[in-house]
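Visitor: Structure, please.
(chains A and B)
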Amino acid sequence: MRISPANTQRIMVVALWTLAAMTVFTLLFILGYVLYHGLPHVTWSFLTESPRRMGKEGGIFPMIVGTAMVAGLAVLIAGPIGVATAIYLTEYTREGKITAIIRFGADCLAGIPSIIFGLFGFVFFVITLGMGLSVMAGALTLAIMVLPTIIRTSEEAIRAVPRSFSDVSMGLGATRWQTVTRVVLRSASPGIVTGIVLSIGRCISETAALMLTAGSALRMPHSALDSCRTLALHFYTLMREGISPAHAWATASVLIVVILLINLVAYWLMRRFVARTV
Amino acid sequence: MSEPQLQSDPPAGQQGLLPKIAIRNFSARFGQSQVLTGINLEVHACERLAIIGPASSGKTTLLRSLNRLNDLNATFAHDGEILLDGQDIYGDSMDVPTLRRRVGMVYAVPIPLPWSIYDNIAYGLRLAGIKGRSEISVRVESSLRNAVLWDEIKDRLRMPAMNLSGGQQQRLCMARVLALEPEVLVLDEPCSGLDPISTAKIEQALAELKDRYSVVLVTNNTKQAARASDRTAFFLMGELVEVGLTGQVFTAPRHERTGQYITGHFG
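Guide: Below is the predicted model:
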């Protein structure tokens, strides 16, 4: 039996709509579930106090600071290296063996489970370089982890800038570097910023790689060489060791809201930027 | 095909002067494919030279060799020399950004940068080291006037250049180059995608500029070459077939192929 084209059309519209709706529903359900269980426990003192009795009481202020330090440092390290690599790959070299090797390496790096990065970070940064369990060791580990994302998204963004813009810029007497900074990066920046924001999100939500590198100290980190516990790891510990499910959900709520805020700010920045230049 | 004696005399009053551009036995190739072979051609000060010829005859490659834009293609290689005021542009002492400011180029397709009209023109000026806002403003206005665009957009300088019509965009691209006060203006089929009115405005601009610049105009439109040039060079398959005063090339071409092309028998 054959189904008429008009009917396949109807069936597919319904099927695609259902699948899309499932995606949105799942997302909203998870968000709602976490916020429903967590938000009632998120109070001002929860956000601003240090944890007491292993996190059963008190707040999560040191975790917020630790998360910001680790994620911020990781992106500060990986961002410039990643964007520079992307510029090199797209503007300063011809396609060949070297570019293929760099890309293959980046892709492999992207596929490695984060616990492996954690193990590497533990052996190399924590032990060999003697950093100990610290913000720095965690940030460096995360930097390596998010580097491929930043390279690839920046590369795509730069490639999306028409070649003819470079021709015009050079034709007007710009050097390659002036062209890269004033024309190419300027046009590519929304894409590059998106990649970096995604990376910040990944850093904030990373757990496994930090367990072995940043540690799980409850006290406030005062320098990059102090150990710290990030929000995601705090959630994991509270839940896993059954310390306080209520505080665990509250921590998760804060985590989700922070990531949401970062995305919103990034979109706002991007739209503002695009509106100004185009 | 391109014997030196085919070079016509320069326009009256120019004799004895160094040519603005002297192309000497210039050949170019991309990888294995030979695009230009043994070109000898001169462009004099304040003359308008049209280059005509069918597709893939090497016209664009020649233009892009004049400001070394072909260098951006890693497979490009050349022989022979191109002299600008007697200086070899492919020589070590030639500063390429300066060369590109002296030999300004307008492309076949208008390519505004994704900024405002004002910034499109100010960009090249800032690259040239001009910092003063007032000087930039003055030069933005004068270049837009020279490109016959000012009256249409003078109230909308902050508008995105992408919002202009195709013909306006092309005149903006011309203004962008004129703002740098180049010595030679090279145009690569600048009217290929434009309506007759925009084409007329660009030709008007070229006519008004002829006293100040040497103009090299590549065109597919033989009528345009006849209207807007002093001399015309005919290229075929990467070789210069003949060059002469435009009137002479169009009425009494020395070569059979030239006549056939002009009258539309091929190409």
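
Visitor: who does whatever helix or strand residue B:244 lives in touch, helix- and strand-wise?
Guide: Element membership for residue B:244 (DSSP states H and E) is strand B:239-245. Based on contacts counted as 3 or more CB pairs under 8 Å, 6 or more residues apart in numbering or on different chains; DSSP states H and E, the elements that strand B:239-245 packs against are strand B:33-43, strand B:231-236, helix B:256-262. From N, CA and C alone the C-beta is placed, and that goes for glycine too.

Visitor: Up against chain B, what does chain A have?
Guide: Contact residues of chain A with respect to chain B, defined by CB under 8 Å from any CB of the partner chain, are listed as A:94, A:162, A:164-175, A:178, A:182-183, A:187, A:277-278.

Visitor: picking up where we left off before, which one of the helices and strands packed on strand B:239-245 lies closest to chain A?
Guide: Across the helices and strands packed on strand B:239-245, chain A has its closest neighbour in strand B:33-43 (17.5 Å, CB to the nearest CB).

Visitor: what kind of secondary structure is the residue positioned nearest the centre of chain A in?
Guide: Among the residues of chain A, the smallest C-alpha distance to the mean C-alpha position (CA atoms, centre = their mean) belongs to residue A:199, namely 2.3 Å. For residue A:199, the secondary structure call by DSSP: H, G, I helix; E, B strand; the rest coil comes out as helix.

Visitor: what about residue B:226, which SS state?
Guide: Under three-state DSSP, residue B:226 comes out as helix.

Visitor: And the closest residue to it other than its chain neighbours, what's its pLDDT?
Guide: Computed as CB to CB, 6 or more residues apart in numbering or on different chains, the closest residue to residue B:226 that is not its neighbour in sequence is residue B:250, at 5.3 Å. For residue B:250, the model assigns a pLDDT of 89.

Visitor: measure residue B:250 to residue B:206 for me?
Guide: With distances defined as CB to CB, to the nearest Å, the gap from residue B:250 to residue B:206 amounts to 18 Å.

Visitor: I'd like to know how many residues surround residue 104.
Guide: I went with chain A, as the question did not name one. When counting by other CB atoms under 10 Å in any protein chain shown, one arrives at 10 neighbours for residue A:104.

Visitor: The chain in question should be chain B.
Guide: Taking other CB under 10 Å as the definition, residue B:104 ends up with a neighbour count of 26.

Visitor: got the residues of the stretch 1-150 of chain B near chain A?
Guide: Looking at chain A, the residues of the stretch 1-150 of chain B close enough under CB under 8 Å from any CB are B:67, B:69, B:72, B:74, B:97-98, B:100-101, B:104-105, B:107, B:109, B:111, B:113-115, B:123-124, B:127-128.

Visitor: how about JSON lines for the helices and strands packed on strand B:239-245, with mean neighbour count and distance to residue A:44 added?
Guide: Written out in JSON lines, the entries for the helices and strands packed on strand B:239-245 read as follows (neighbours: other CB atoms under 10 Å in any protein chain shown; distance: least, CB to CB, whole Å):
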{"stretch": "strand B:33-43", "mean neighbour count": "19", "distance to residue A:44": "72"}
{"stretch": "strand B:231-236", "mean neighbour count": "27", "distance to residue A:44": "78"}
{"stretch": "helix B:256-262", "mean neighbour count": "18", "distance to residue A:44": "83"}
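
Visitor: Tabulate these in a markdown table, adding columns for mean pLDDT.
Guide: Output for those, formatted as a markdown table (pLDDT from 0 to 100):
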| stretch | mean pLDDT |
| --- | --- |
| strand B:33-43 | 93 |
| strand B:231-236 | 93 |
| helix B:256-262 | 88 |
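
Visitor: Of the residues of the stretch 1-150 of chain B next to chain A, which belong to strands?
Guide: Assignment to strands by DSSP state E places the following of the residues of the stretch 1-150 of chain B next to chain A there: B:104, B:105.

Visitor: more crowded one of residue B:250 and residue B:206?
Guide: Taking other CB under 10 Å, residue B:250 and residue B:206 do not tie; residue B:206 has more neighbours (23 against 20).

Visitor: Contacts only, for the residue lying closest to residue A:60 once chain neighbours are set aside.
Guide: The spatial neighbour of residue A:60 that comes closest, neighbours along the chain excluded (CB to CB, 6+ apart), is residue A:251 at 5.6 Å. Residue A:251 is in contact with A:38, A:60, A:63, A:231, A:234, A:235, A:238, counting by CB atoms under 8 Å, 6 or more residues apart in numbering or on different chains.

Visitor: Tally up the residues packed near residue 230, please.
Guide: Using chain A. As a burial measure, the neighbour count of residue A:230 was computed by other CB under 10 Å and equals 31.

Visitor: actually it's chain B I care about, not the one you picked
Guide: Residue neighbour count, defined by other CB under 10 Å, stands at 17 for residue B:230.

Visitor: Could you report the distance from it to residue B:185?
Guide: Taking CB to CB, one finds residue B:230 at 14 Å from residue B:185.

Visitor: and if you look at residue A:173?
Guide: Applying CB to CB, the value for residue A:173 to residue B:185 is 14 Å.

Visitor: Strand B:33-43 and the strand holding residue B:244, what's the angle between them?
Guide: Using axes from the mean of the first three to the mean of the last three CA atoms, to 10 degrees, the interaxial angle of strand B:239-245 with respect to strand B:33-43 works out to 20 degrees.

Visitor: Which neighbouring elements make contact with the helix or strand that strand B:239-245 is followed by?
Guide: Following strand B:239-245 in sequence order, the next helix or strand is helix B:246-251 (DSSP H and E). Identification of packing neighbours for helix B:246-251 by 3+ CB pairs under 8 Å, 6+ apart yields helix B:222-227, strand B:231-236, helix B:256-262.
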